[in-house]
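**Q** Give the three-dimensional model of this entry:
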Amino acid sequence: MIDSPAFSRLGFGVTGPHASIIGSNTKTRELVHACVAHGVTLFDTGPAYGVGRAETRLGEALREVPRDKVFVCTKAGVHAGGFRDFSPGAVEMSLKDSLERLKTDHVDLLLLHGPAPEELTDKLIRHLEAFKVRGMIRHLGICGRGPELEAAARISAMDAVMAPLNSELTTQEIERLENCKKAGQSIIGIEVMKGAAKSARIPLNASSAWYFARHIKQVALGRTAPPSGRSPQEALSWALDHPLSDSVISLTTSLTHLDANARLAGLEGSASSA
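**A** Next comes the predicted model:
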């Protein structure tokens, strides 16, 4: 279980447009600083996002923020360039590269990025625990959506899991999260907007171009989710209020949306609490 004042109820995902070559370093920095001002102090990223670009942008954005005021989460196992390697040596090299890009001496949470259960070897777990002793990480976890979460519930070294949390989850998927919760692990929800009603407007800037391109790709591949009947704000509120949820990751390039999301989460820095 994660117990940190910087582990905010709402987290901010530095991925997608914030990892894209068409994205803006300045825009990401502006959003990250606005997050901190709103009380959104959990930041999630990973080396596979934009071949390390997302981590680099987050590291640059946080240079002027006191390190103990934010909770930085990154991943390992799926590396910059997209190749998979969960061997202890590869995970260590990935972590060291992430720390360099993030410009920090530690991450608050290191998540193994979608490992198969058989990849969670005793040797790897011992290696990960050694990272804690060396001060390179504060907490360990797994990011996934299937049997790897069942494995996570059985590994005492794991403090958290990051997984989809939306109204489309099956009974089996909910049971997996419940078992992790019973094991004392914090639950960080992702993909909370799945099925929410969103418009696919013609892009007016680089950020909206990324969302538009993703929508077109999802339609072409048949990956669009059936409509849930909820608006994005209703979907986020559902996830925040879910009894299994300890934190929820949101992704936006809009200051207006960020403020609205912070209001829903009831964060002290949001305008609603002023």
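
**Q** For residue 231, see how far away the residue nearest the centre of the chain is.
**A** The chain has residue 44 as the residue nearest its centroid, 3.8 Å off, counting by Cα atoms, centre = their mean. As judged by Cβ to Cβ, to the nearest Å, residue 44 and residue 231 stand 23 Å apart. Glycine gets a C-beta too; all of them are placed from N, C-alpha and C.

**Q** Now do the helices in the stretch 51-200 of the chain.
**A** With DSSP state H, counting those that start in this stretch, the ranges of helices along the stretch 51-200 of the chain come out as 53-61, 88-102, 122-133, 147-153, 171-182.

**Q** In the stretch 101-250 of the chain, what residue spans correspond to strands?
**A** For the stretch 101-250 of the chain, the strands defined by DSSP state E, counting those that start in this stretch cover 107-113, 137-143, 160-164, 186-190, 247-250.

**Q** now those in CSV, with mean neighbour count and mean pLDDT?
**A** Converted to CSV, the strands of the stretch 101-250 of the chain look like this (neighbours: other Cβ atoms under 10 Å; pLDDT from 0 to 100):
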stretch, mean neighbour count, mean pLDDT
strand 107-113, 25, 98
strand 137-143, 23, 98
strand 160-164, 24, 98
strand 186-190, 23, 98
strand 247-250, 24, 97
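
**Q** wait, which of those is closest to residue 179?
**A** Residue 179 sits nearest to strand 160-164 of all the strands of the stretch 101-250 of the chain, at 9.8 Å, using Cβ to Cβ.

**Q** tell me the angle that closest one makes with strand 107-113.
**A** In terms of direction (axes from the mean of the first three to the mean of the last three Cα atoms, to 10 degrees), strand 160-164 departs from strand 107-113 by 50 degrees.

**Q** Can you tell me the strand partners of strand 160-164 and which way each runs?
**A** Here strand 160-164 has these sheet partners by DSSP bridges: strand 137-143 (parallel), strand 186-190 (parallel).

**Q** one step back: comparing the helices of the stretch 51-200 of the chain, which comes out most buried?
**A** Stretch with highest mean neighbour count among the helices of the stretch 51-200 of the chain: helix 53-61 (a mean of 24; mean count of other Cβ atoms under 10 Å).

**Q** thinking again about what came up before, out of the strands of the stretch 101-250 of the chain, the one nearest residue 10 is which?
**A** Among the strands of the stretch 101-250 of the chain, strand 247-250 sits nearest to residue 10 (Cβ to Cβ), with 5.9 Å.

**Q** For the closest one, name the packing helices and strands.
**A** Secondary-structure packing of strand 247-250 (3 or more Cβ pairs under 8 Å, 6 or more residues apart in numbering; DSSP states H and E): strand 10-13, strand 42-44, strand 186-190, helix 232-241, helix 255-265.

**Q** Reformat these as TSV; add distance to residue 143.
**A** Supplementary listing: the helices and strands packed on strand 247-250 in TSV, determined by distance: least, Cβ to Cβ, whole Å:
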stretch	distance to residue 143
strand 10-13	12
strand 42-44	9
strand 186-190	8
helix 232-241	16
helix 255-265	21
